[in-house]
Each structure stands twice: as structure tokens, then as C-alpha cells.
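Let's see this in three dimensions:
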Amino acid sequence: MKFIFCTFSVSILDEITNLIDSMGVKNYQVIEHALSTSGDTAPRLDTPVWPGHDSIITIQLIDDQKAKQIINKLKEYNKEISPGKDENVTVCSWEMENYFTD
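Here you go, the predicted model:
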């Protein structure tokens, strides 16, 4: 089982949710307004000095193969579709010990 954590500029939120939806993912959460700093881009702190903010999507998957497909699709987005480095998706994943809804 995998847990996938994605963070990116709010400007591509619709693109990323559409990509995830197109892959048949049913279990994910969206945090639309996240403040962030990164070594790769200017801070996004939603202030006059550091405008903008990020969004976060978390995904829980029982199927490790499906997780690998999603991660590869997000890598492809960064390489081929992303409008620029400031619009890349940052992705982390790790093993889940438990996943239940009851």
C-alpha cells in the first residue's frame, strides 16, 4: 500500500486533479491553500512580498502498481507538459502500514 503526497502551484490544480481522475483514482484529498517554501522555486507565502500559494493532493492506494503508474504520470507531466520549473509537481511516496475506513 502506498501513500502519495503531491504539492504544486495552485495554478495547475485543475490539471493535476484531471490527471489523477483520468487514472481512475477514487481516494484522494485536496488542500487548496498551502503556504510553502522550496529550494527550487520562490517561496509561495501569499503575501505582497512572496505572492501565490500551493495546493496539496494526498492519495492512498492499496495497489502498488497503480501507485507506480501515477508517480510515472506525474514525472511525465514535469518533463513534457509542465509550463515551467515553477509549475512542476513535487511528489513523495511511502509505504502505508494501515488503510481502512471502518
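
show me the contacts for residue 44.
9, 35, 36, 37, 50, 51, 52, 53, 54 (Cβ atoms under 8 Å, 6 or more residues apart in numbering). (Glycine included, C-beta is placed from N, CA and C.)

switch to 10 Å and redo it
For residue 44, the contact set (Cβ atoms under 10 Å, 6 or more residues apart in numbering) comprises 7, 9-10, 34-38, 50-54, 86.

Equivalent analysis for residue 4, please.
20, 25, 28, 57-61, 67, 70-71, 74, 91-94, 96 are the contacts of residue 4 under Cβ under 10 Å, 6+ apart.

tell me, which helix in this structure spans the most residues?
helix 64-76 (DSSP state H).

about what we covered before: residue 1: which of the contacts of residue 44 is nearest?
Of all the contacts of residue 44, residue 7 has the smallest distance to residue 1: 21.0 Å, by Cβ to Cβ.

For burial, what's the neighbour tally of that closest one?
For residue 7, the count of nearby residues is 18 (other Cβ atoms under 10 Å).

Give me the angle between the helix or strand containing it and helix 64-76.
Using DSSP states H and E, residue 7 sits in strand 2-9. Strand 2-9 and helix 64-76 are oriented at 20 degrees to each other (axes from the mean of the first three to the mean of the last three Cα atoms, to 10 degrees).

circling back: helices or strands up against the longest helix of the chain?
On a contact count with 3 or more Cβ pairs under 10 Å, 6 or more residues apart in numbering; DSSP states H and E, helix 64-76 meets strand 2-9, helix 13-22, strand 54-61, strand 90-95.
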